[in-house]
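Student: only geometry, no sequence info:
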Ligand SMILES: C[S@@+](CC[C@H](N)C(=O)[O-])C[C@H]1O[C@@H](n2cnc3c(N)ncnc32)[C@H](O)[C@@H]1O
């Protein structure tokens, strides 16, 4: 059997071969083994490659766990929500929502309001943005920011997207960004959004990397279309997109 990686390091400063991951018969664990090829590799490059492999494996495990156990982004991690989003710009969301002054709009999972303040401005005068989030501290921070910018047409509600506390056919448009993947019952959430939209209403969903809960466009489309939404348009890239649906 080929030597395991500690033995390789002990031998010399270079490795005279290629590295392979193999699982010895009868063992639960894989090992990194050297295969003699005659080629040499500096030890530092190998350590760097192993470090990168390890980091990628940890990131993949973290993302898989997060996908299996959807959970709301904790308020303690709110600083990440303020990072720039080159693939999911406010302007793109605004274009997709196609807003007009006076409209009633719902945002589910606004967090600290990265998109909310901009949307609220677009529907003034006369329009109102309802923001619904599981976490009161997120809404408090959002409202502090709104007040600081003189925005007065946002109405916060603490609640669960799976059971929206609004009457049928209330909103002209609804949107949620980086949120659907955090919700345990995504189909129920989409059903609730369908219920509270007016006939002809628009739903825009934004999803992007590096969110471990990110939904692919194919997953989103098959869920939304099965519930009765009609896919309308998509903007962005596989790293971050907005998709617009209408009521069928
Ligand atoms: C990752 S943050 C995104 C915030 C914001 N949309 C943004 O892009 O900056 C997700 C937000 O959705 C909220 N959320 C998660 N599950 C929810 C649920 N079931 N109902 C309502 N809000 C929820 C979280 O509390 C959090 O504020």
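Tutor: Yep, it's here. On a predicted model such as this, the values are computed, not experimentally measured, just so you know.
Student: where in this protein is pLDDT low?
Tutor: 1-24, 27-69 (pLDDT under 70).
Student: get me the contact residues on it for the ligand.
Tutor: 72-73, 81, 108-111, 114, 132-135, 138, 160-162, 177-179, 182-183 (C-beta under 6 Å from any ligand atom). Backbone N, C-alpha and C define where each C-beta goes, glycine included.
Student: of those, which belong to strands?
Tutor: If you go by DSSP state E, these have 108, 132-133, 177 in strands.
Student: show the buried residues in these.
Tutor: 108, 132-133, 177 (16 or more other C-beta atoms under 10 Å).
Student: format the ones in strands among the residues of the chain next to the ligand as JSON lines; extra columns: distance to residue 125.
Tutor: Formatted as JSON lines, those follow (distance: C-beta to C-beta, whole Å):
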{"residue": "108", "distance to residue 125": "24"}
{"residue": "132", "distance to residue 125": "23"}
{"residue": "133", "distance to residue 125": "25"}
{"residue": "177", "distance to residue 125": "25"}
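Student: for those residues, which one is nearest residue 98?
Tutor: Residue 98 lies nearest to residue 177 out of these, by C-beta to C-beta, at 16.1 Å.
Student: tell me the SS of residue 205?
Tutor: Each residue gets one of three states, and residue 205 gets strand by DSSP: H, G, I helix; E, B strand; the rest coil.
Student: so what's it bridging to?
Tutor: residue 176, residue 243 (DSSP bridges).
Student: circling back: now for the ones in strands among the residues of the chain next to the ligand: which two are most distant?
Tutor: Longest span within these, C-beta to C-beta: 132 and 177, 13.3 Å.
Student: burial of residue 109, as a residue count?
Tutor: 22 (other C-beta atoms under 10 Å).
Student: swap in residue 70?
Tutor: 15.
Student: can I assume it sits in a helix?
Tutor: No - under three-state DSSP, residue 70 falls outside any helix and is assigned coil.
Student: residue contacts, it?
Tutor: 181-184, 213 (C-beta atoms under 8 Å, 6 or more residues apart in numbering).
Student: if you rank those by neighbours, which is first?
Tutor: residue 183 (22 neighbours).
Student: surely it meets residue 189?
Tutor: Yes - Residue 183 is in contact with residue 189 according to C-beta atoms under 8 Å; the separation is 5.1 Å.
Student: so where do the strands sit in this protein?
Tutor: 14-22, 31-42, 104-108, 128-133, 154-158, 171-177, 197-208, 229-237, 240-247.
Student: dump those into a markdown table; add distance to residue 88 as well.
Tutor: Below are those laid out as a markdown table (distance: least, C-beta to C-beta, whole Å):
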| stretch | distance to residue 88 |
| --- | --- |
| strand 14-22 | 36 |
| strand 31-42 | 38 |
| strand 104-108 | 14 |
| strand 128-133 | 18 |
| strand 154-158 | 21 |
| strand 171-177 | 7 |
| strand 197-208 | 5 |
| strand 229-237 | 7 |
| strand 240-247 | 4 |
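Student: before we move on, the earlier item: between residue 183 and residue 189, which contacts overlap?
Tutor: 161-162.
Student: roughly how far does residue 183 sit from residue 93?
Tutor: Between residue 183 and residue 93 the computed distance is 19 Å (C-beta to C-beta, to the nearest Å).
Student: check residue 118 too.
Tutor: From residue 118 to residue 93 the distance is 8 Å (C-beta to C-beta).
Student: quick one: which of these two has more around it?
Tutor: Neighbours were counted for residue 118 and for residue 93 using other C-beta under 10 Å; residue 93 has more, 24 against 16.
Student: test my guess that that one contacts residue 206.
Tutor: Yes - counting by C-beta under 8 Å, residue 93 touches residue 206, with 6.4 Å between them.
Student: mutual contacts of those two, please.
Tutor: Contacts common to residue 93 and residue 206, judged by C-beta under 8 Å, 6+ apart, are 115, 175, 177, 242.
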